[in-house]
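Colleague: requesting a structural model of the entry that follows:
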Amino acid sequence: MRYLVIKNKLKKISVNLRNLPLVFLTVFVSFSFFSCFKEKRSERAGEKMQKFVIAISSYARSFNPNFIVIPQNGTELAFEHVDAGQNVNLDYLNAIDGFGNEEIFYNGSLAIDNYRLSMLQKLKADKPILVADYVDNNANIGDAISRNNAQGFICFPRNASNYDYMLIPDSCWYENTSNISALKDAQNYLYLISSTNFATKQDMINAINATNFDVVIIDLFFNDDEFTSAEIQSMKHKSNGGQRLLISYMSIGSAEKYRYYWKKRWGLRRPWWIKRKYDGYPDEFWIKYWKNKWEEIIYGNDDSYTKKIIDAGFDGVYLDNVEGYYFLYYRD
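Modeller: From the prediction side, this is the model:
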């Protein structure tokens, strides 16, 4: 997981081309052409990601019309031509129930991402906004929550020991006894996609059941063991008795070596649609997610990842790495 800042247009370069030596002019023109080519490919890939998310949503809602779909990062996908300067993409907006984001106000210290914040301000009237800010000083947690709340965003501040969403915070902010049946009703959420700190599946279930978070985002699997429908149902009530939402994490823009769908033979020769390594995550790869083989893994059949999530009884899905359309062609 990483957040994404995309400047959709190349910066204007003021230069007197007539005064450039031919060799430099050739390099400049070649670089400009290559940059524009990559930008166009990224835009086309972004439009394919829009269609991918819409297709996943349509498939899931054919089983449960109220199934919740939340893409994380890649906020530009909410706009036509993946361009924040354009109108919103209504098909995409209608396919999702909210926007998940990382590091809008805090990325360690206070570092407001005004580019993405401006996009979210355009979208917040239509959909709830979830923000997982990273705060390296616990003294700033309250400020992170306050800044998000002032914008109408729901905040999950995580500290240095919880960078990878491994821990349950000691407190639940804006705690309430309300029954939460839709994302718009939530006042807080728990983002817990690692089971590392729990000895057993039941330990993790018990720890979640002891909280009052309105929304809980977890993985479909505890290690390699799927949560059963009975186990998911048991986590759908807050400690105070109120109903909450259980959302399953699923990466759709990257393939993960530790998942059930990964083939041993891919260690020697990966399929051509697995494009390249995901920097910083040695067990993940950016993929051409619009190819049929990957689509079949994610949705559309009884063995697909989305169908497993539906069968387990989750209320929705949290789609990670939708910004893969950018990282297929660019690096940080």
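Colleague: tell me the contacts of residue 180?
Modeller: 186, 214-215, 242-245 (C-beta atoms under 8 Å, 6 or more residues apart in numbering). Using the backbone N, CA and C atoms, a C-beta is placed for each residue, glycine as well.
Colleague: just give me the longest strand of this protein.
Modeller: As far as residue count goes, and with DSSP state E defining each element, the longest strand of the chain is strand 99-110.
Colleague: which residues sit against that strand?
Modeller: In contact with strand 99-110 (C-beta under 8 Å, 6+ apart) are residues 1-3, 70-73, 75, 78, 111-113, 116-117, 120, 123, 127-137, 140, 143-144, 147-148, 153, 157, 318.
Colleague: and stretch 309-316, how far apart are its ends?
Modeller: Start to finish, the residues bounding stretch 309-316 are 8 Å apart (C-alpha to C-alpha, to the nearest Å).
Colleague: and the contacts of it?
Modeller: Judged by C-beta under 8 Å, 6+ apart, the contacts made with stretch 309-316 from elsewhere in the structure are 60, 63-64, 66-70, 97, 183, 220, 226-229, 232-233, 236, 245-248, 250, 317.
Colleague: rewinding a little: take the contacts of strand 99-110 and keep only those in helices.
Modeller: Mapping the contacts of strand 99-110 onto helices (DSSP state H) picks out 116-117, 120, 123, 143-144, 147-148.
Colleague: so, low pLDDT: which residues of the stretch 201-332 of the chain?
Modeller: Scanning the stretch 201-332 of the chain for pLDDT under 70 picks out 331-332.
Colleague: quick revisit: can you select the buried ones from the contacts of residue 180 in ChimeraX?
Modeller: The buried subset of these, as determined by 16 or more other C-beta atoms under 10 Å, is captured in ChimeraX by this line:
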select :186,214,215,244,245
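Colleague: export the contacts of residue 180 to a markdown table and tack on secondary structure and distance to residue 270?
Modeller: What follows is the contacts of residue 180, written out as a markdown table (DSSP: H, G, I helix; E, B strand; the rest coil; distance: C-beta to C-beta, whole Å):
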| residue | secondary structure | distance to residue 270 |
| --- | --- | --- |
| 186 | coil | 39 |
| 214 | coil | 40 |
| 215 | strand | 35 |
| 242 | coil | 46 |
| 243 | strand | 43 |
| 244 | coil | 39 |
| 245 | strand | 36 |
